[in-house]
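In: Test case, fold it:
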Amino acid sequence: MVLAVAVLAVMALGALGYALAGLTTVGGTVSRFRAAAAGTSADAGQVDAVVTLLRGSVVLSAVLSLLAGFLLIGLALGLAARRPGARFATWVVAGLGLLLGCCGIGALVVQRAAPLDFGDDRAAAELVDLVAEAHPAWWIPLTVTLSVAQVLGYLVVAVLLAMPSATAWFRRNPASSAQQPPAPPTGYPPAPPTGFGPPAPPYQPYPPPGAAPSPPTRRGEHPVTADPESPAPSTGERWALITGATAGIGSAFATRLAADGWHLVLVARDADRLAAQAAELTGRHGVETETIAADLSTDDGCARTEQRLAEGPPVDLLVNNAGISLNTPFLRSSPQDEVRLLRLNVHAVLRLTLAALRTMTERHHGAVINVSSVASFGAIMPGSTYSASKAWVTNFSESVGQSARPFGVRVMALCPGYTRTEFHQRAGIDMSKTPEWMWLSAPAVVDEALRDLHKGKLVSVPSWKYKLAVAGLRHAPRRLLDRVARDTRGRIGREHR
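Out: Purely as a prediction, here's the structure:
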């Protein structure tokens, strides 16, 4: 990463130097142009118009170069400080820089290979030729050299950021692990009931307070405790409750947390699959497992899970993963199906989060991960209430996360894109036309979610491609999104129109 920072710094100096050179030479360039234009057939009005364009182009180029230089300096400082967002921002800027640099080089080549044809307008042709001659002799070679260097520099930086060493560099971010939660303003939160006690230090779920920090790991690896013979830390047991634990992302959470030494409470509808999964995790990792066979779309299922959150060994991490989608558009759906979706995707998340936070805020320790979706950032599936339910989950998690933070408790919305699970198959949704590159693996989603939780993020969007998608959904014009959404509906659901 030191090399990437150095390349960005050199590119920034080049951009600032180019801007300074343009501004300091524009006066002499204009003077030489006027002197040469006096001997042409162009009138004074034509000469003044070209001078205005010449000044404007130089000033605009200088301003853009200054902005680019300061932006590159900011990115270099962010990378050097291991800021979490600096890597992604640099990738975006590098992509835009490559595009603009290639366009600039292409324009220069085209201009040299195919000069403009002014027909019978001899005066215009003479003035255009004089503009190039009025610049200092070194100006055009400098412009070409900097354009080529810009393209190569952005390419080098993008490659360096994609290397495993860059991932290790950001994973060792000391600033993120030392972040202090914001102090609650005066009068907020209201005076806590008996048992809350004084404010606690910031929540550190991986490892818990007092435990030795885990060494940096590669993607897919799991941190180990100080005692390799015992998966549980010496400071006490850690318990996690996972809903929808027998398949997909829920199963990946269970596997990862068991490997990290967490004891588990597994919640799902299928009692047989729960028992088999619990036996496998206990046998492989030596952790304790409890199972709750419950349908969380019912009051009874939520009540039994709430009871476990309130009683027994304290739950330090709640993963609300259970959820469903429907393969029928809203206009052809039934009230029963839509209510079941809302009860599982919204109502159960609300009830279990509230039940968990009651005990976590008393202990000033704990975390909640609510599994949402990239679809929560836009109405990209017309006729589907799934994205609407997940929009609630994302907004709810952000809001509750802000209010729980002063108590040392973290709440985060996990918003993955297409992930290889049983989710779509169970809903009867045909995903055969989805490109291979759009799919994520459940273990990779879980790895990134736990890293983002450790950093204190309120929203986690795994994978750079879905981070770009979310940025587009948040900032693209609504009319454009509406057209894309209508086209998507046409591809996957003509029979429901």
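In: C-alpha only now, for contacts and for neighbours.
Out: Noted.
In: Show me where the chain has its strands.
Out: Counting by DSSP state E, the chain has strands at residues 239-243, 263-268, 289-293, 317-320, 366-371, 409-414, 459-460.
In: and among those strands, the most buried is which?
Out: strand 409-414 (a mean of 30; mean count of other CA atoms under 10 Å).
In: follow-up on the earlier one: reformat the strands of the chain into CSV and put distance to L450 next to each item.
Out: Formatted as CSV, these follow (distance: least, CA to CA, whole Å):
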stretch, distance to L450
strand 239-243, 13
strand 263-268, 16
strand 289-293, 20
strand 317-320, 11
strand 366-371, 9
strand 409-414, 10
strand 459-460, 9
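In: Can I get those strands in JSON lines including mean pLDDT and distance to A89?
Out: Converted to JSON lines, those look like this (pLDDT from 0 to 100; distance: least, CA to CA, whole Å):
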{"stretch": "strand 239-243", "mean pLDDT": "96", "distance to A89": "33"}
{"stretch": "strand 263-268", "mean pLDDT": "95", "distance to A89": "37"}
{"stretch": "strand 289-293", "mean pLDDT": "94", "distance to A89": "42"}
{"stretch": "strand 317-320", "mean pLDDT": "96", "distance to A89": "29"}
{"stretch": "strand 366-371", "mean pLDDT": "96", "distance to A89": "25"}
{"stretch": "strand 409-414", "mean pLDDT": "95", "distance to A89": "21"}
{"stretch": "strand 459-460", "mean pLDDT": "93", "distance to A89": "16"}
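In: closest to Q46 out of those strands?
Out: Evaluated with CA to CA, the strands of the chain place strand 459-460 nearest to Q46, the distance being 57.5 Å.
In: Go through the strands of the chain and name the closest to V349.
Out: Evaluated over the strands of the chain, closeness to V349 peaks at strand 317-320, with 6.2 Å, by CA to CA.
In: one step back: so which of the strands of the chain comes closest to A38?
Out: Taking CA to CA as the measure, the strands of the chain were each checked against A38, and strand 459-460 came out nearest at 64.4 Å.
In: mind checking how far that closest one is from the chain centre?
Out: How far strand 459-460 lies from its chain's middle: 7 Å, per CA atoms, centre = their mean, to the nearest Å.
In: quick one: the helices in the stretch 51-200 of the chain?
Out: With DSSP state H, counting those that start in this stretch as the definition, the stretch 51-200 of the chain shows helices at residue ranges 86-113, 122-134, 139-161, 164-171, 174-177.
In: And those helices, which one averages the lowest pLDDT?
Out: Averaged per stretch, pLDDT over these is lowest on helix 174-177, reaching a mean of 42.
In: among the strands of the chain, which is nearest R34?
Out: Ranking the strands of the chain by their distance to R34 (criterion: CA to CA) puts strand 459-460 first, at 59.0 Å.
In: Show me what that closest one pairs with in its sheet, parallel or antiparallel.
Out: If you go by DSSP bridges, strand 459-460 pairs up with strand 409-414 (parallel).
In: Tell me what angle the partner strand forms with strand 366-371.
Out: Counting by axes from the mean of the first three to the mean of the last three CA atoms, to 10 degrees, strand 409-414 points 10 degrees away from the direction of strand 366-371.
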